[in-house]
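Colleague: Let me see the structure of the following:
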Amino acid sequence: MSVAGLKKQFHKASQLLSEKIIGAEGTKLDEDFMEMERKIEVTNKSVFDLLSKTTEYLQPNPASRAKLNMLNTVSKIRGQVKTTGYPQTEGLLGDCMLRYGHELGEDSVFGGALVDVGEAMRQMADVKDSLDINVKQNFIDPLQNLQDKDLKEITHHLKKLEGRRLDFDYKKKRQGKIPDEEIRQAVEKFEESKELAERSMFNFLENDVEQVTQLSALIEAALEYHRQSCEILEELSGQLQKRISTASGRPKREFKPKSIRSSIETLDNNQHNGLSYSSSLKSTADHITSVPLSWPESPTTNGNNHQLEVLDQPCCRSLYDFEPENEGELGFKEGDIIILTNRIDENWYEGMINGESGFFPINYVEVIVPLPQ
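Modeller: Down below sits the predicted model:
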């Protein structure tokens, strides 16, 4: 920085201290300018909060958001194009219902209903994903662009204007000690900055219909999401009512308990190849007894050697089972020994087990040999 630049910085700092500490008055700008500056400040704060709150509206779970950001960051570092999507709550509930519905089977009325609801929930999760993409493209991205360009440019003009005002006020109060030419130049620069800042604020506020268009895009996306969700739920409601009618109209089955005694008598009377059931059991038992028992050699020694090899490098022991939910995560069972390769952040390790590598939560493991600092 040149000597003249250092001098100007000193003038501005000196004037600012005079105003803050001593209470000296600086040059007041007109009320219209002050009102525009207030509106720009409020707009700047509103855009910042809207970006944050809209993300929370689309992705309400902070832990899932943090995990998603971490996984996407790691994917970018590794050069992977595909990124992990946010785990929608409707999708998680749908997967749970489908799993238990299939386990109960088609002959179960409750199981069939669980499958119907699970599939509908999956469809709603897909609709929610479309909402995320739509809102990001038509609301979040334009707001981010507004913050990064237009509002940033106006903030730059206002900051420059404030610096030139301080320089002008400092020189004006020292008129006679400072050459008139310097004061005149300070006035011209002050006026120039004021006009630039005022024009940029005026143009921005006059075109605020663009922000209304972006709000309209947000509401249209939400409306389409709820419209599609309503259609899915109405169809699902009809399916469930049909299941209820079908189940209510089917004939009732009578419960017929089976006696344990009659079952035993049936087994005793059953003949197979001329031998009684009891005698066949006896011959089978004799055959099993006559077969010599051979045991495999104990793998204790090899297991100990492998464990010693693992303990010679950074590793940890799992405290609980961990089932991977996203691409890139490493699954393991309680008590497994995992080789540590890297610490991603305060919540995630990267490690390897049985030739597979991936990420896992720090609070699921106990470190045996720590990573080098």
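Colleague: Show me the strands in the chain, by range?
Modeller: Per DSSP state E, the chain carries strands over the ranges 271-272, 275-276, 315-318, 337-343, 348-353, 356-361, 365-369.
Colleague: Format those as CSV; extra columns: mean pLDDT and distance to Glu329.
Modeller: For the C-beta atoms, the positions are set from N, CA and C on the backbone; glycine is no exception. Below are the strands of the chain laid out as CSV (pLDDT from 0 to 100; distance: least, CB to CB, whole Å):
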stretch, mean pLDDT, distance to Glu329
strand 271-272, 48, 53
strand 275-276, 44, 57
strand 315-318, 94, 13
strand 337-343, 92, 12
strand 348-353, 91, 9
strand 356-361, 91, 5
strand 365-369, 92, 13
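Colleague: closest to Ile22 out of these?
Modeller: Nearest of the strands of the chain to Ile22, taken as CB to CB: strand 337-343 at 52.5 Å.
Colleague: who does that closest one touch, helix- and strand-wise?
Modeller: Helices and strands touching strand 337-343, as assessed by 3 or more CB pairs under 8 Å, 6 or more residues apart in numbering; DSSP states H and E, comprise helix 300-311, strand 315-318, strand 348-353, strand 365-369.
Colleague: can you pull out the helices in the stretch 51-200 of the chain?
Modeller: In the stretch 51-200 of the chain, the helices defined using DSSP state H, counting those that start in this stretch lie at 62-78, 89-104, 109-135, 141-148, 150-173, 180-206.
Colleague: Redo those as JSON lines? Include mean pLDDT.
Modeller: What follows is the helices of the stretch 51-200 of the chain, written out as JSON lines (pLDDT from 0 to 100):
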{"stretch": "helix 62-78", "mean pLDDT": "69"}
{"stretch": "helix 89-104", "mean pLDDT": "93"}
{"stretch": "helix 109-135", "mean pLDDT": "94"}
{"stretch": "helix 141-148", "mean pLDDT": "94"}
{"stretch": "helix 150-173", "mean pLDDT": "91"}
{"stretch": "helix 180-206", "mean pLDDT": "92"}
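Colleague: Which of those helices sits closest to Lys12?
Modeller: Closest to Lys12 of these, according to CB to CB: helix 150-173, at 4.1 Å.
Colleague: That closest one packs against which elements?
Modeller: Here helix 150-173 touches helix 3-17, helix 31-58, helix 180-206, going by 3+ CB pairs under 8 Å, 6+ apart.
Colleague: Out of those helices, which is closest to Leu146?
Modeller: With CB to CB as the measure, helix 31-58 is the member of those nearest Leu146 (6.1 Å).
Colleague: ok, and for the closest one, which residues are buried?
Modeller: Going by neighbour count (16 or more other CB atoms under 10 Å), the buried part of helix 31-58 is Phe33, Met36, Glu37, Ile40, Thr43, Asn44, Val47, Leu50, Leu51, Thr54, Leu58.
Colleague: again with stretch 177-188
Modeller: Ile183, Ala186.
Colleague: okay, that stretch in PDB with CA atoms only?
Modeller: C-alpha atoms of stretch 177-188 as PDB (Å, rounded to 0.1, in the frame of the first residue of the first chain):
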ATOM      1  CA  LYS A 177      -4.700  22.500   7.900                       C
ATOM      2  CA  ILE A 178      -5.400  20.300   4.800                       C
ATOM      3  CA  PRO A 179      -5.100  21.800   1.300                       C
ATOM      4  CA  ASP A 180      -8.500  22.700  -0.300                       C
ATOM      5  CA  GLU A 181      -7.600  20.600  -3.300                       C
ATOM      6  CA  GLU A 182      -7.600  17.400  -1.100                       C
ATOM      7  CA  ILE A 183     -11.000  18.400   0.400                       C
ATOM      8  CA  ARG A 184     -12.400  19.000  -3.000                       C
ATOM      9  CA  GLN A 185     -11.200  15.600  -4.200                       C
ATOM     10  CA  ALA A 186     -12.700  14.000  -1.100                       C
ATOM     11  CA  VAL A 187     -16.100  15.600  -1.800                       C
ATOM     12  CA  GLU A 188     -16.100  14.400  -5.400                       C
END
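Colleague: Might you report the residue contacts of Pro87?
Modeller: Pro87 makes contact with Ser64, Glu325, Asn326 under the criterion CB atoms under 8 Å, 6 or more residues apart in numbering.
Colleague: Which members of the residues you listed are classed as buried?
Modeller: Buried among the contacts of Pro87 by 16+ other CB under 10 Å: Ser64.
Colleague: Let me see the contact set for Leu16.
Modeller: Contacts for Leu16 (CB under 8 Å, 6+ apart) come out as Leu166.
Colleague: With Cys315 as the reference, measure out to it.
Modeller: 57 Å (CB to CB, to the nearest Å).
Colleague: again, but for Glu198
Modeller: 65 Å.
Colleague: Those two: which has the busier surroundings?
Modeller: A direct count of neighbours by other CB atoms under 10 Å for Glu198 and Cys315 places Cys315 higher, at 22 against 19.
Colleague: Beta-bridge partners for the more buried one, please?
Modeller: Ile339, Val369 (DSSP bridges).
Colleague: isn't it right up against Thr341?
Modeller: No - counting by CB atoms under 8 Å, Cys315 does not reach Thr341; the two are 10.0 Å apart.
Colleague: Now list whatever residues contact both of those two.
Modeller: Residues touching both Cys315 and Thr341 (CB under 8 Å, 6+ apart) are Gly351.
Colleague: need the contact list for Leu205.
Modeller: Residues in contact with Leu205 (CB under 8 Å, 6+ apart) are Met36, Lys39, Ile40.
Colleague: between the longest helix seen in the chain and helix 31-58, how many degrees?
Modeller: Assignment by DSSP state H gives helix 209-249 as the longest helix of the chain. Between helix 209-249 and helix 31-58, the angle comes out at 20 degrees (axes from the mean of the first three to the mean of the last three CA atoms, to 10 degrees).
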